[in-house]
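Peer 1: Pasting a predicted model and its sequence here:
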Amino acid sequence: MNIIRCVFLVLLTVILLPVNANDKKNDKPYVIQPVTEGLGIVWGMDFLDDNHLVFTQRSGQAGVINIHTGLVTWLQGLPEVYDERQGGLLDVKLAPDYAQSGWIYFTYSKPSNGSAVTTLARAKILENKRLDWQDLLITHSESFEDIHFGSRIAFDDQGHVFFSVGDRGNRANAQNLKNHAGTIIRLNMDGSVPNDNPFVGKADALDEIWSYGHRNPQGLVFDRETKRLWEIEHGPRGGDEINLIEKGQNYGWPIVSQGKEYFSGSPVGETHKEGMIEPVKVYIPSIAPSGLIVYQGKEFVNWQGSLFSGALVLRHLNQIELDNDGKAVSEQRYLQELDQRVRSLTQDKQGRIYVATDNGVVYRLSAQ
(Lines give C-alpha, C1' and ligand atoms only; values in the text may rest on other atoms or scores of the structure.)
Protein backbone atom coordinates (compact mmCIF):
# COMPACT_ATOMS: atom_id res chain seq x y z
CA MET A 1 0.00 0.00 0.00
CA ASN A 2 2.87 2.39 0.82
CA ILE A 3 4.50 1.66 -2.56
CA ILE A 4 1.23 2.42 -4.36
CA ARG A 5 0.90 5.67 -2.43
CA CYS A 6 4.45 6.77 -3.28
CA VAL A 7 3.92 6.00 -6.98
CA PHE A 8 0.67 8.00 -6.89
CA LEU A 9 2.35 11.00 -5.29
CA VAL A 10 5.19 11.02 -7.83
CA LEU A 11 2.79 10.78 -10.76
CA LEU A 12 0.50 13.43 -9.32
CA THR A 13 3.42 15.81 -8.86
CA VAL A 14 4.50 15.30 -12.47
CA ILE A 15 0.95 15.90 -13.68
CA LEU A 16 0.29 19.00 -11.57
CA LEU A 17 3.52 20.93 -11.86
CA PRO A 18 3.22 21.85 -15.56
CA VAL A 19 -0.14 23.55 -15.00
CA ASN A 20 1.06 25.59 -12.04
CA ALA A 21 3.93 27.93 -11.31
CA ASN A 22 6.29 26.36 -13.83
CA ASP A 23 4.01 27.51 -16.65
CA LYS A 24 4.92 31.19 -16.93
CA LYS A 25 1.84 31.86 -19.07
CA ASN A 26 -0.34 31.06 -16.04
CA ASP A 27 1.74 33.42 -13.88
CA LYS A 28 1.21 31.34 -10.75
CA PRO A 29 3.35 32.45 -7.77
CA TYR A 30 3.64 28.93 -6.35
CA VAL A 31 4.64 25.34 -6.95
CA ILE A 32 2.11 22.77 -5.79
CA GLN A 33 2.95 19.25 -4.64
CA PRO A 34 0.80 16.53 -3.06
CA VAL A 35 1.81 15.55 0.47
CA THR A 36 -0.53 12.58 0.90
CA GLU A 37 -3.74 11.17 -0.56
CA GLY A 38 -6.42 8.57 0.03
CA LEU A 39 -7.96 10.38 3.00
CA GLY A 40 -11.60 11.33 3.54
CA ILE A 41 -12.87 14.89 3.97
CA VAL A 42 -10.05 16.55 5.94
CA TRP A 43 -11.97 19.17 7.91
CA GLY A 44 -9.13 20.68 9.94
CA MET A 45 -5.32 20.68 10.11
CA ASP A 46 -2.61 22.13 12.34
CA PHE A 47 1.12 21.55 12.83
CA LEU A 48 2.25 19.48 15.81
CA ASP A 49 5.89 20.26 14.99
CA ASP A 50 8.02 21.04 11.95
CA ASN A 51 7.44 17.59 10.46
CA HIS A 52 3.93 16.50 11.43
CA LEU A 53 0.38 17.68 10.78
CA VAL A 54 -2.53 16.65 12.97
CA PHE A 55 -5.81 16.48 11.04
CA THR A 56 -9.48 15.60 11.43
CA GLN A 57 -11.74 13.72 9.06
CA ARG A 58 -15.39 14.69 9.13
CA SER A 59 -16.33 11.01 9.36
CA GLY A 60 -14.87 10.93 12.90
CA GLN A 61 -11.22 9.90 12.55
CA ALA A 62 -8.11 11.92 13.34
CA GLY A 63 -4.48 11.28 12.50
CA VAL A 64 -0.97 12.67 12.11
CA ILE A 65 0.70 13.12 8.72
CA ASN A 66 4.46 13.02 8.24
CA ILE A 67 4.83 15.83 5.69
CA HIS A 68 8.04 14.33 4.25
CA THR A 69 6.84 10.76 3.66
CA GLY A 70 3.08 11.27 3.48
CA LEU A 71 2.55 8.42 5.94
CA VAL A 72 -0.40 8.67 8.34
CA THR A 73 -0.54 7.55 11.98
CA TRP A 74 -4.13 7.22 13.17
CA LEU A 75 -5.15 8.40 16.63
CA GLN A 76 -7.40 6.45 18.98
CA GLY A 77 -9.80 7.45 21.76
CA LEU A 78 -12.01 9.81 19.78
CA PRO A 79 -15.63 10.30 20.88
CA GLU A 80 -18.70 9.22 18.97
CA VAL A 81 -19.56 11.90 16.40
CA TYR A 82 -22.75 12.64 14.49
CA ASP A 83 -21.55 11.99 10.96
CA GLU A 84 -24.62 13.06 9.02
CA ARG A 85 -24.73 15.65 6.21
CA GLN A 86 -22.71 18.62 7.55
CA GLY A 87 -22.03 17.11 10.98
CA GLY A 88 -19.00 15.16 12.14
CA LEU A 89 -15.53 15.73 13.53
CA LEU A 90 -14.75 19.32 12.62
CA ASP A 91 -11.86 21.63 13.48
CA VAL A 92 -8.56 20.98 15.25
CA LYS A 93 -6.11 23.57 16.63
CA LEU A 94 -3.12 23.36 18.93
CA ALA A 95 -3.19 25.50 22.04
CA PRO A 96 -0.74 28.43 21.83
CA ASP A 97 1.16 26.85 24.74
CA TYR A 98 1.03 23.35 23.25
CA ALA A 99 4.75 22.77 23.80
CA GLN A 100 4.16 23.10 27.56
CA SER A 101 0.55 21.97 28.04
CA GLY A 102 0.11 19.37 25.29
CA TRP A 103 -3.51 20.45 24.72
CA ILE A 104 -5.12 20.09 21.29
CA TYR A 105 -8.58 21.62 20.80
CA PHE A 106 -11.37 20.10 18.70
CA THR A 107 -14.91 20.92 17.66
CA TYR A 108 -17.37 18.21 16.69
CA SER A 109 -21.05 17.35 16.35
CA LYS A 110 -21.94 15.50 19.53
CA PRO A 111 -24.97 13.16 19.27
CA SER A 112 -27.90 14.47 21.31
CA ASN A 113 -31.54 13.36 21.34
CA GLY A 114 -31.55 12.06 17.79
CA SER A 115 -29.58 14.97 16.36
CA ALA A 116 -26.37 16.69 17.47
CA VAL A 117 -24.93 19.84 19.02
CA THR A 118 -21.65 21.61 18.26
CA THR A 119 -19.16 20.88 21.04
CA LEU A 120 -15.73 22.22 21.98
CA ALA A 121 -13.29 19.69 23.42
CA ARG A 122 -9.60 19.32 24.11
CA ALA A 123 -7.30 16.33 24.35
CA LYS A 124 -3.71 15.24 24.86
CA ILE A 125 -1.94 12.61 22.77
CA LEU A 126 -0.73 9.81 25.04
CA GLU A 127 2.24 7.55 24.31
CA ASN A 128 0.04 4.89 22.71
CA LYS A 129 -1.40 7.46 20.27
CA ARG A 130 -4.63 7.50 22.26
CA LEU A 131 -6.33 10.80 22.99
CA ASP A 132 -7.12 11.76 26.57
CA TRP A 133 -10.40 13.51 25.68
CA GLN A 134 -12.27 16.22 27.59
CA ASP A 135 -15.44 18.04 26.47
CA LEU A 136 -15.29 21.73 27.45
CA LEU A 137 -18.61 23.14 26.23
CA ILE A 138 -21.57 21.20 24.86
CA THR A 139 -23.46 24.07 23.28
CA HIS A 140 -27.15 24.82 23.39
CA SER A 141 -27.60 24.52 19.64
CA GLU A 142 -30.20 21.78 19.36
CA SER A 143 -31.91 21.25 16.02
CA PHE A 144 -33.33 18.41 13.98
CA GLU A 145 -31.68 19.90 10.90
CA ASP A 146 -28.35 18.23 10.04
CA ILE A 147 -26.77 21.46 8.81
CA HIS A 148 -24.89 24.59 9.89
CA PHE A 149 -22.84 23.24 12.78
CA GLY A 150 -19.97 25.66 12.05
CA SER A 151 -17.29 25.23 13.37
CA ARG A 152 -13.77 26.68 13.58
CA ILE A 153 -11.42 27.44 16.45
CA ALA A 154 -9.12 30.43 17.07
CA PHE A 155 -6.97 31.66 19.96
CA ASP A 156 -6.14 35.24 20.87
CA ASP A 157 -2.99 36.30 22.73
CA GLN A 158 -4.80 36.89 26.04
CA GLY A 159 -5.53 33.28 26.99
CA HIS A 160 -8.90 32.85 25.27
CA VAL A 161 -10.30 30.30 22.84
CA PHE A 162 -13.00 31.25 20.32
CA PHE A 163 -15.16 28.89 18.29
CA SER A 164 -18.07 29.31 15.91
CA VAL A 165 -21.52 27.72 15.83
CA GLY A 166 -23.90 27.90 12.87
CA ASP A 167 -27.60 28.69 13.11
CA ARG A 168 -28.39 24.95 12.73
CA GLY A 169 -30.85 25.64 9.91
CA ASN A 170 -33.14 27.68 12.19
CA ARG A 171 -32.66 31.31 11.19
CA ALA A 172 -34.28 32.80 14.29
CA ASN A 173 -31.62 31.13 16.46
CA ALA A 174 -29.02 33.62 15.30
CA GLN A 175 -30.90 36.53 16.94
CA ASN A 176 -31.82 34.62 20.09
CA LEU A 177 -29.16 35.05 22.74
CA LYS A 178 -30.68 32.30 24.88
CA ASN A 179 -29.02 29.68 22.65
CA HIS A 180 -25.52 29.34 21.16
CA ALA A 181 -26.59 28.82 17.54
CA GLY A 182 -25.43 31.50 15.11
CA THR A 183 -22.71 32.81 17.42
CA ILE A 184 -19.00 33.14 18.04
CA ILE A 185 -18.20 31.87 21.54
CA ARG A 186 -15.32 33.04 23.76
CA LEU A 187 -13.98 31.00 26.68
CA ASN A 188 -10.94 30.71 28.88
CA MET A 189 -8.63 27.90 27.89
CA ASP A 190 -10.12 25.56 30.51
CA GLY A 191 -13.66 26.14 29.21
CA SER A 192 -14.72 28.59 31.90
CA VAL A 193 -16.36 31.91 31.01
CA PRO A 194 -14.28 35.12 31.07
CA ASN A 195 -15.75 37.75 33.36
CA ASP A 196 -15.52 40.40 30.64
CA ASN A 197 -17.63 38.56 28.05
CA PRO A 198 -20.28 41.01 26.80
CA PHE A 199 -23.39 39.20 28.06
CA VAL A 200 -22.17 37.90 31.41
CA GLY A 201 -24.87 38.22 34.05
CA LYS A 202 -27.67 39.16 31.63
CA ALA A 203 -30.82 37.11 32.17
CA ASP A 204 -31.80 37.01 28.49
CA ALA A 205 -28.41 35.90 27.10
CA LEU A 206 -25.83 33.15 27.50
CA ASP A 207 -22.54 34.14 29.13
CA GLU A 208 -20.36 32.37 26.55
CA ILE A 209 -21.48 34.45 23.54
CA TRP A 210 -19.00 36.95 22.07
CA SER A 211 -20.89 37.92 18.88
CA TYR A 212 -24.12 36.82 17.19
CA GLY A 213 -26.22 37.12 14.04
CA HIS A 214 -24.12 34.59 12.09
CA ARG A 215 -25.43 32.04 9.59
CA ASN A 216 -22.77 29.35 9.27
CA PRO A 217 -19.22 30.47 10.14
CA GLN A 218 -16.70 28.01 8.69
CA GLY A 219 -13.59 30.14 8.98
CA LEU A 220 -12.16 31.86 12.07
CA VAL A 221 -8.69 33.26 12.71
CA PHE A 222 -7.00 35.72 15.06
CA ASP A 223 -4.36 37.99 13.51
CA ARG A 224 -1.66 38.40 16.16
CA GLU A 225 -0.06 41.29 14.28
CA THR A 226 -3.18 43.48 14.13
CA LYS A 227 -5.09 41.91 17.08
CA ARG A 228 -8.12 41.39 14.83
CA LEU A 229 -10.46 38.40 14.88
CA TRP A 230 -11.66 37.46 11.40
CA GLU A 231 -14.57 35.24 10.42
CA ILE A 232 -15.93 33.97 7.10
CA GLU A 233 -19.41 32.50 6.79
CA HIS A 234 -21.77 30.96 4.29
CA GLY A 235 -24.60 33.14 3.07
CA PRO A 236 -27.68 31.70 1.43
CA ARG A 237 -27.85 31.98 -2.37
CA GLY A 238 -25.09 34.56 -2.68
CA GLY A 239 -23.99 36.68 0.25
CA ASP A 240 -21.04 34.82 1.77
CA GLU A 241 -19.34 37.25 4.16
CA ILE A 242 -15.99 38.11 5.68
CA ASN A 243 -16.52 39.84 9.03
CA LEU A 244 -14.27 41.58 11.51
CA ILE A 245 -15.55 40.21 14.81
CA GLU A 246 -16.04 42.67 17.65
CA LYS A 247 -17.23 42.19 21.22
CA GLY A 248 -20.98 41.91 21.68
CA GLN A 249 -21.88 42.92 18.12
CA ASN A 250 -24.81 41.74 15.99
CA TYR A 251 -23.86 40.68 12.45
CA GLY A 252 -27.42 40.70 11.23
CA TRP A 253 -28.47 37.25 10.07
CA PRO A 254 -31.28 36.77 9.08
CA ILE A 255 -32.53 40.35 9.49
CA VAL A 256 -29.67 41.57 7.28
CA SER A 257 -28.24 39.58 4.39
CA GLN A 258 -26.76 40.16 0.96
CA GLY A 259 -28.13 36.82 -0.27
CA LYS A 260 -31.36 35.45 -1.71
CA GLU A 261 -33.73 32.56 -1.10
CA TYR A 262 -32.59 29.37 -2.80
CA PHE A 263 -35.83 28.65 -4.65
CA SER A 264 -37.67 31.93 -5.12
CA GLY A 265 -34.64 34.18 -5.59
CA SER A 266 -36.20 36.86 -3.41
CA PRO A 267 -33.98 38.79 -0.97
CA VAL A 268 -33.38 37.45 2.54
CA GLY A 269 -34.05 40.33 4.90
CA GLU A 270 -32.63 43.80 4.31
CA THR A 271 -29.22 44.65 2.88
CA HIS A 272 -28.43 47.16 5.65
CA LYS A 273 -29.78 48.02 9.09
CA GLU A 274 -28.59 50.49 11.68
CA GLY A 275 -26.87 48.86 14.64
CA MET A 276 -25.86 45.74 12.73
CA ILE A 277 -22.29 45.28 11.57
CA GLU A 278 -21.50 45.48 7.85
CA PRO A 279 -19.33 42.76 6.31
CA VAL A 280 -15.83 43.62 5.13
CA LYS A 281 -16.31 41.52 2.01
CA VAL A 282 -19.34 39.93 0.32
CA TYR A 283 -19.17 37.17 -2.29
CA ILE A 284 -21.87 37.17 -4.95
CA PRO A 285 -22.19 34.50 -6.25
CA SER A 286 -21.29 32.39 -3.22
CA ILE A 287 -17.94 30.63 -3.12
CA ALA A 288 -19.02 28.47 -0.10
CA PRO A 289 -16.03 29.26 2.15
CA SER A 290 -14.34 26.80 4.47
CA GLY A 291 -11.22 27.41 6.53
CA LEU A 292 -9.43 30.72 7.03
CA ILE A 293 -5.87 31.83 7.75
CA VAL A 294 -4.01 35.12 7.92
CA TYR A 295 -0.81 34.65 5.96
CA GLN A 296 2.21 35.59 8.07
CA GLY A 297 5.02 33.55 6.55
CA LYS A 298 8.18 34.45 4.64
CA GLU A 299 7.73 32.05 1.72
CA PHE A 300 5.43 34.43 -0.18
CA VAL A 301 6.58 37.94 0.66
CA ASN A 302 3.78 39.61 -1.31
CA TRP A 303 1.07 37.76 0.61
CA GLN A 304 1.89 39.07 4.08
CA GLY A 305 -1.27 39.93 6.00
CA SER A 306 -3.67 38.55 3.40
CA LEU A 307 -6.64 36.39 4.31
CA PHE A 308 -6.83 32.99 2.61
CA SER A 309 -9.96 30.86 2.56
CA GLY A 310 -10.95 27.60 0.93
CA ALA A 311 -13.87 27.59 -1.49
CA LEU A 312 -16.13 24.54 -1.77
CA VAL A 313 -18.63 25.36 -4.51
CA LEU A 314 -16.36 27.50 -6.70
CA ARG A 315 -13.41 25.19 -5.97
CA HIS A 316 -10.38 27.38 -5.40
CA LEU A 317 -8.11 29.01 -2.83
CA ASN A 318 -9.34 32.54 -2.21
CA GLN A 319 -7.00 35.42 -1.30
CA ILE A 320 -8.21 38.75 0.08
CA GLU A 321 -5.64 41.53 0.43
CA LEU A 322 -6.35 43.92 3.29
CA ASP A 323 -5.19 47.48 3.86
CA ASN A 324 -3.96 48.82 7.20
CA ASP A 325 -7.51 49.64 8.25
CA GLY A 326 -8.70 46.08 7.64
CA LYS A 327 -10.60 46.88 4.44
CA ALA A 328 -10.61 44.41 1.54
CA VAL A 329 -8.77 45.94 -1.41
CA SER A 330 -8.28 43.05 -3.86
CA GLU A 331 -9.11 39.39 -4.47
CA GLN A 332 -7.22 36.57 -6.20
CA ARG A 333 -8.29 32.98 -6.89
CA TYR A 334 -5.82 30.10 -7.07
CA LEU A 335 -5.91 26.31 -7.56
CA GLN A 336 -8.86 26.44 -9.92
CA GLU A 337 -6.98 24.02 -12.17
CA LEU A 338 -7.43 21.29 -9.54
CA ASP A 339 -11.22 21.50 -9.76
CA GLN A 340 -11.47 20.25 -6.16
CA ARG A 341 -13.40 21.51 -3.15
CA VAL A 342 -10.87 23.23 -0.86
CA ARG A 343 -11.88 22.34 2.69
CA SER A 344 -9.07 23.32 5.09
CA LEU A 345 -5.71 25.06 5.12
CA THR A 346 -2.79 25.89 7.37
CA GLN A 347 0.80 27.12 7.07
CA ASP A 348 4.14 25.97 8.43
CA LYS A 349 6.83 28.08 10.10
CA GLN A 350 8.51 28.66 6.75
CA GLY A 351 5.28 30.05 5.33
CA ARG A 352 4.39 27.23 2.96
CA ILE A 353 0.64 26.74 2.72
CA TYR A 354 -1.00 23.33 3.12
CA VAL A 355 -4.40 22.77 1.54
CA ALA A 356 -6.74 19.80 1.95
CA THR A 357 -9.49 19.05 -0.55
CA ASP A 358 -12.59 16.90 -0.36
CA ASN A 359 -10.86 14.49 -2.75
CA GLY A 360 -8.81 13.37 0.26
CA VAL A 361 -5.55 14.96 -0.90
CA VAL A 362 -3.32 17.31 1.10
CA TYR A 363 -1.21 19.65 -1.05
CA ARG A 364 1.72 21.93 -0.24
CA LEU A 365 2.20 25.34 -1.90
CA SER A 366 5.73 26.73 -1.92
CA ALA A 367 7.41 29.57 -3.79
CA GLN A 368 9.10 29.03 -7.14
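Peer 2: Received, thanks. Keep in mind that what you see is a predicted model, and the values were worked out from it rather than measured.
Peer 1: Tell me if residue 302 really is in a strand.
Peer 2: No: per DSSP: H, G, I helix; E, B strand; the rest coil, residue 302 lies outside any strand segment and is helix.
Peer 1: any weak-confidence spans in this structure?
Peer 2: Flagging of the chain using pLDDT under 70 yields the residue ranges 1-26.
Peer 1: tell me the helices in it, going along the chain?
Peer 2: Under the criterion DSSP state H, helices of the chain are mapped to 2-16, 98-101.
Peer 1: So for this protein, which residue is the most central one in space?
Peer 2: Nearest to the mean C-alpha position of the chain, counting by Cα atoms, centre = their mean, stands residue 291 at 3.1 Å.
Peer 1: quick one, what contacts that residue?
Peer 2: Contacts for residue 291 (Cβ atoms under 8 Å, 6 or more residues apart in numbering) come out as 44, 152, 218-219, 309-310, 342-345. The way it works is simple: take the backbone N, C-alpha and C, and place the C-beta from them, glycine included.
Peer 1: what's the answer for residue 124, then?
Peer 2: Contacts of residue 124 (Cβ under 8 Å, 6+ apart): 102-104, 131-132.
Peer 1: Bridging across strands, which residues link to it?
Peer 2: Counting by DSSP bridges, residue 124 forms beta bridges with residue 132.
Peer 1: how much space between it and residue 228?
Peer 2: Distance, residue 124 to residue 228, by Cβ to Cβ, to the nearest Å: 30 Å.
Peer 1: returning to that earlier point: nearest to residue 331 among the contacts of residue 291?
Peer 2: residue 309 (10.4 Å; Cβ to Cβ).
Peer 1: Would you check that that closest one makes contact with residue 221?
Peer 2: No: contact between residue 309 and residue 221 fails when scored by Cβ atoms under 8 Å: they sit 9.5 Å apart.
Peer 1: For the two, list the residues in contact with both.
Peer 2: residue 292.
Peer 1: wait, residue 294 sits on residue 306?
Peer 2: Yes: counting by Cβ under 8 Å, a contact exists between residue 294 and residue 306, whose distance comes to 7.4 Å.
Peer 1: ok, back up a step: which of the contacts of residue 124 are buried? Put it as a PyMOL command.
Peer 2: A single PyMOL command selects the buried members of the contacts of residue 124 (16 or more other Cβ atoms under 10 Å):
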select buried, resi 103+104+131
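Peer 1: Would you format the contacts of residue 124 as CSV with distance to residue 175 included?
Peer 2: Shown next, in CSV, are those (distance: Cβ to Cβ, whole Å):
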residue, distance to residue 175
102, 39
103, 33
104, 33
131, 36
132, 38
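Peer 1: Tell me the one among the contacts of residue 124 nearest to residue 168.
Peer 2: Using Cβ to Cβ, the contacts of residue 124 come closest to residue 168 at residue 104, 25.4 Å.
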